[in-house]
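Peer 1: the following block contains a protein sequence and its predicted model.
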Amino acid sequence: MDGAHRTLAADEQSLLKDVSLGEPWSLVECFAQMRRETPEEMNRGGAEIGARLTRLGIPFTMHEPTLFLSTPTDSRIEVGGKVFEGKPPSFAPSLPGGVAARVVIAHGHGRLIEGYAPNTAHLFGPGFRPIEGVEGDIAGNIVAFFGTLNGDRIAQFERLGAVAVIAINPGENAHWGGGCAFWGTPDTDELAGKLGIPAIAVNCHAGEPLMAAAKSDELVRVITTLDEGWCQARLPVVEIRGTEEPEKFVLLHGHYDSWDVGVGDNATGNAALLEIARVLWAHRSGLRRSVRIAWWPGHSTGRFAGSTWYADRFAIDIHRNCVAQVNCDSPGCRWATSYEIIPWMAENAAFVADAVRDAVGKPASGRRPPAANDYSFTNIGVTGYLSSSSRIPAAEVERRGYYYVMGNGGNIEWHTKFDQLEIADRDILIDDIKVYLLAVWRNANAVLLPYDWSALLAEFADTVRGYQRAAGNRFDLTPAQEAVAVLADRVSRFEQVARSGALPPDEANAVSLRLSRTLVPLNHVKGTRYRPDVSVPPSPLPWLAIADELDRYPPGAIGFALTQLQRGCNHVVGALMEANDMVEAALSGAFPSNRMMA
């Protein structure tokens with residue numbers, strides 16, 4: 001082992017000792033023979049989970065939401081007299097007859113300026129190129145780039161007039177991927193985020209003929225076929241009630257739909273959730289707070305539609321009572337023995353690292369969670385951690401010549417038809433189940449909610465300093481820096497008082513939840529509390545992120561960016577001041593804990 005266990009409490013030892021492989025591995029083997037891609041296939045998967053919960057004697061609710069789903073079918077590109085199979089993203093237009101045009105190659109990976117749209121090009125002057133590294137005009141042409149599909153890049157090219165987008169994946173396989181800017185089933189105001197042009201991913205062998213076509217002006221044809229519409233889905237949820245604060249809960253969740261059979265993404269995760277449900281049900285008398293365990297449909301073909309439906313349907317309950325959300329995606333994959341890039345938020349990083357060390361005796365490091373993996377509760381203000389857990393060690397990734405993929409522990413069969421039973425590893429699955437189980441158990445049983453808000457405010461201070469360096473003398477972020485410093489001082493005093501016992505735990509936890517509801521969205525979203533943000537990876541403190549773009553604005557347009565930065569600064573300072581007032585009230589004994597989430 002790479003580290004040493006601390007001595008586990010007796011209840012924790014008993015909990016982890018009860019983990020076994022019989023139930024979870026049986027589900028992995030079952031799902032390895034069951035596609036869960038179309039609505040009908042998904043519902044068979046949901047029914048299978050329900051049947052197993054029933055057999056285990058674990059009560060559950062089977063919700064039946066109606067979701068808007070988009071399932072890709074046969075798609076391809078035609079170039080240089082060759083045909084290459086492709087994978088269109090969900091919610092791209094279905095064009096069985098295809099679209100033919102010249103192709104331009106985008107070599108660069110520069111971001112589009114925030115807020116830029118083609119009809120504002122006159123602000124930037126002649127010759128302005130919002131995306132660097134593009135050989136030729138985008139308008140009226142197909143854009144091909146080297147990388148994987150994501151909705152942000154497709155939408156950028158669409159806004160610049162592209163008629164289709166091709167992502168040339170780095171390996172032998174073309175990977176399914178996301179392709180829309182909205183999160184979950186869109187409402188009427190969000191439908192504008194639906195893609196208006198086809199997009200498709202192809203493997204590396206299509207790169208050379210596409211580059212040759214770009215030089216010769218040969219036409220390339222993109223053909224996409226998708227089935228889209230409203231579908232009733234199955235969404236099983238187990239609730240294991242706590243004995244002291246049953247209204248408060250930890251939400252543990254993962255998606256059960258897949259691309260093809262999707263063993264590493266996410267049959268292993270579904271199996272982990274089933275085993276954790278079994279063990280927690282057996283140990284339910286030891287739970288302080290409740291644990292909800294949910295299996296989502298529509299993750300891939302609905303852009304997190306299942307988890308978003310649940311967030312919408314139970315938003316007020318989640319706002320008032322959810323103490324953390326924990327996502328389980330792609331555990332237990334072969335060769336994935338390292339915990340070096342765990343998704344976590346600054347306030348829960350130390351807590352998760354401790355759980356990994358104590359469960360499996362290994363060190364852990366992490367990073368900000370991406371805008372993915374059913375993190376559908378961040379805008380509500382719920383702190384979250386995990387999605388992926390173990391990964392193939394970096395040295396082994398390099399030795400194998402692998403490129404980065406989000407899931408499957410780093411196995412490059414992710415989001416392909418080759419994600420089969422051999423991707424799963426029995427021993428690694430046991431370890432990952434123990435990591436999730438211990439983290440959830442501790443989170444549900446902690447007398448004081450285990451969040452380090454001082455760590456988050458230290459991150460805020462670093463973030464604002466970085467934005468000030470980028471802004472230079474063009475904008476003064478001193479008000480934001482001062483607001484962070486003031487709140488950091490108050491939070492430090494609050495945490496000391498809470499740990500000393502001078503503040504009753506229920507009051508301290510009420511303050512911690514209010515901090516979560518304010519600071520988590522401030523650091524991760526720009527949307528509203530009850531409408532999901534777009535599925536674009538956010539910069540830290542996104543209301544200030546335009547500070548990093550100021551160098552790209554010419555003199556005639558910089559004033560618009562500075563106006564946006566001023567409004568963003570006001571938003572950040574106002575939120576920090578409100579949090580400071582709330583903490584100050586708690587320290588002075590004036591915090592209304594019984595009304596704290598009203």
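Peer 2: Here it is on my side, so go on. Treat the numbers as computed from the prediction; the structure is a model and nothing was measured.
Peer 1: tell me the strands beside the lengthiest strand in the chain, with direction?
Peer 2: The longest strand of the chain (DSSP state E) is strand 245-255. According to DSSP bridges, strand 245-255 forms sheet pairs with strand 289-296 (parallel), strand 322-327 (parallel).
Peer 1: figure out which of these is closest to G264.
Peer 2: Closest approach to G264 among these is made by strand 322-327 (15.2 Å; CB to CB). (Each C-beta comes from the backbone N, C-alpha and C, glycine too.)
Peer 1: got the contact list for the closest one?
Peer 2: Contacts to strand 322-327, defined as CB atoms under 8 Å, 6 or more residues apart in numbering, come from residues 248-254, 289, 343, 348, 373-375, 377, 380, 382-387, 436, 439-440, 443-444, 449, 509, 513.
Peer 1: average pLDDT across that strand?
Peer 2: Across strand 322-327, pLDDT averages out at 98.
Peer 1: return the distance of that strand from the chain's centre.
Peer 2: 13 Å (CA atoms, centre = their mean, to the nearest Å).
Peer 1: buried residues of it, list them for me.
Peer 2: Across strand 322-327, burial judged by 16 or more other CB atoms under 10 Å covers C322, V323, A324, Q325, V326, N327.
Peer 1: ok so, going back, in CSV, list the strands paired with strand 245-255 along with distance to T71.
Peer 2: Putting those into CSV (distance: least, CB to CB, whole Å) gives the following:
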stretch, distance to T71
strand 289-296, 16
strand 322-327, 23
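Peer 1: out of the ones you listed, which is closest to F494?
Peer 2: strand 322-327 (17.2 Å).
Peer 1: domains in this protein, as residue ranges please.
Peer 2: Following automatic domain parsing, the chain resolves into domains at 10-68+232-445, 74-224, 453-595.
Peer 1: most tightly packed of those?
Peer 2: Neighbour counts (mean count of other CB atoms under 10 Å) averaged over each of the domains of the chain peak at domain 10-68+232-445, with a mean of 21.
Peer 1: that one: end-to-end distance?
Peer 2: Terminal residues of domain 10-68+232-445 are spaced 14 Å apart (CA to CA, to the nearest Å).
Peer 1: so how far is it from its chain's centroid?
Peer 2: The answer for domain 10-68+232-445 is 13 Å, by CA atoms, centre = their mean.
Peer 1: isn't there a strand covering C231?
Peer 2: Yes - per DSSP: H, G, I helix; E, B strand; the rest coil, C231 lies within a strand segment.
Peer 1: which strand residues bridge it?
Peer 2: L67.
Peer 1: D260 against R35, yeah?
Peer 2: Yes - shown here, D260 and R35 form a contact pair, counting by CB atoms under 8 Å, at 5.8 Å.
Peer 1: what angle do the helix or strand K434 falls within and strand 245-255 make?
Peer 2: Per DSSP states H and E, K434 falls inside helix 426-445. Angle, helix 426-445 to strand 245-255, by axes from the mean of the first three to the mean of the last three CA atoms, to 10 degrees: 150 degrees.
Peer 1: check which element follows helix 426-445 along the chain.
Peer 2: Counting by DSSP H and E, what follows helix 426-445 is helix 453-471.
Peer 1: residues in contact with that next one?
Peer 2: Here helix 453-471 makes contact (CB under 8 Å, 6+ apart) with 345-347, 349-350, 477, 480-481, 484-485, 487-488, 491-492, 494-495, 512, 515, 519, 523, 540-541, 544-545, 547-548, 550-551, 565.
Peer 1: let's see it at 7 Å
Peer 2: 346-347, 349-350, 477, 480-481, 484, 487-488, 491-492, 495, 515, 519, 540-541, 544, 547-548, 550 (CB atoms under 7 Å, 6 or more residues apart in numbering).
Peer 1: returning to what we had before: out of the strands paired with strand 245-255, which comes closest to V583?
Peer 2: strand 322-327 (18.1 Å).
Peer 1: which strands and helices sit next to whichever helix or strand comes after that closest one?
Peer 2: Later in the chain than strand 322-327, the nearest helix or strand by DSSP H and E is strand 339-343. Counting contacts by 3 or more CB pairs under 7 Å, 6 or more residues apart in numbering; DSSP states H and E, strand 339-343 packs against strand 364-367.
Peer 1: just checking: what are the partner strands of the strand it packs on?
Peer 2: strand 339-343 (parallel).
Peer 1: about what we covered before: next structured bit after the longest strand of the chain?
Peer 2: Downstream of strand 245-255, the next assigned helix or strand under DSSP H and E is helix 268-282.
Peer 1: now that next one - C-alpha only, CSV.
Peer 2: Provided in CSV are the C-alpha atoms of helix 268-282 (Å, rounded to 0.1, in the frame of the first residue of the first chain):
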residue,chain,number,x,y,z
THR,A,268,-19.5,-0.9,-12.2
GLY,A,269,-21.0,2.3,-10.6
ASN,A,270,-24.5,0.8,-10.6
ALA,A,271,-23.1,-2.3,-8.8
ALA,A,272,-21.3,-0.1,-6.3
LEU,A,273,-24.5,1.7,-5.5
LEU,A,274,-26.3,-1.6,-5.0
GLU,A,275,-23.7,-2.9,-2.6
ILE,A,276,-23.6,0.3,-0.6
ALA,A,277,-27.4,0.2,-0.4
ARG,A,278,-27.2,-3.4,0.9
VAL,A,279,-24.5,-2.6,3.5
LEU,A,280,-26.1,0.7,4.7
TRP,A,281,-29.5,-1.0,5.0
ALA,A,282,-28.0,-3.6,7.2
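Peer 1: what helices and strands are in contact with it?
Peer 2: In terms of contacts (3+ CB pairs under 7 Å, 6+ apart), helix 268-282 is packed against helix 22-31, helix 39-56, strand 235-240, strand 245-255, strand 289-296, helix 426-445.
Peer 1: dump these into CSV; add distance to L503 and mean pLDDT as well.
Peer 2: As requested, those are exported to CSV (distance: least, CB to CB, whole Å; pLDDT from 0 to 100):
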stretch, distance to L503, mean pLDDT
helix 22-31, 41, 98
helix 39-56, 40, 97
strand 235-240, 29, 98
strand 245-255, 17, 98
strand 289-296, 19, 98
helix 426-445, 19, 98
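Peer 1: wait, E396 sits on W335?
Peer 2: Yes - E396 is within contact range of W335, at 6.2 Å (criterion: CB atoms under 7 Å).
Peer 1: tell me the residue furthest from the middle of the protein?
Peer 2: Largest separation from the mean C-alpha position in the chain: S216, at 40.5 Å (CA atoms, centre = their mean).
Peer 1: quick one: that residue and N203, what's the gap?
Peer 2: According to CB to CB, to the nearest Å, S216 stands 22 Å off from N203.
Peer 1: what's the answer for K215, then?
Peer 2: For K215 relative to N203 (CB to CB), the value is 21 Å.
Peer 1: could you do I423 as well?
Peer 2: From I423 to N203 the distance is 19 Å (CB to CB).
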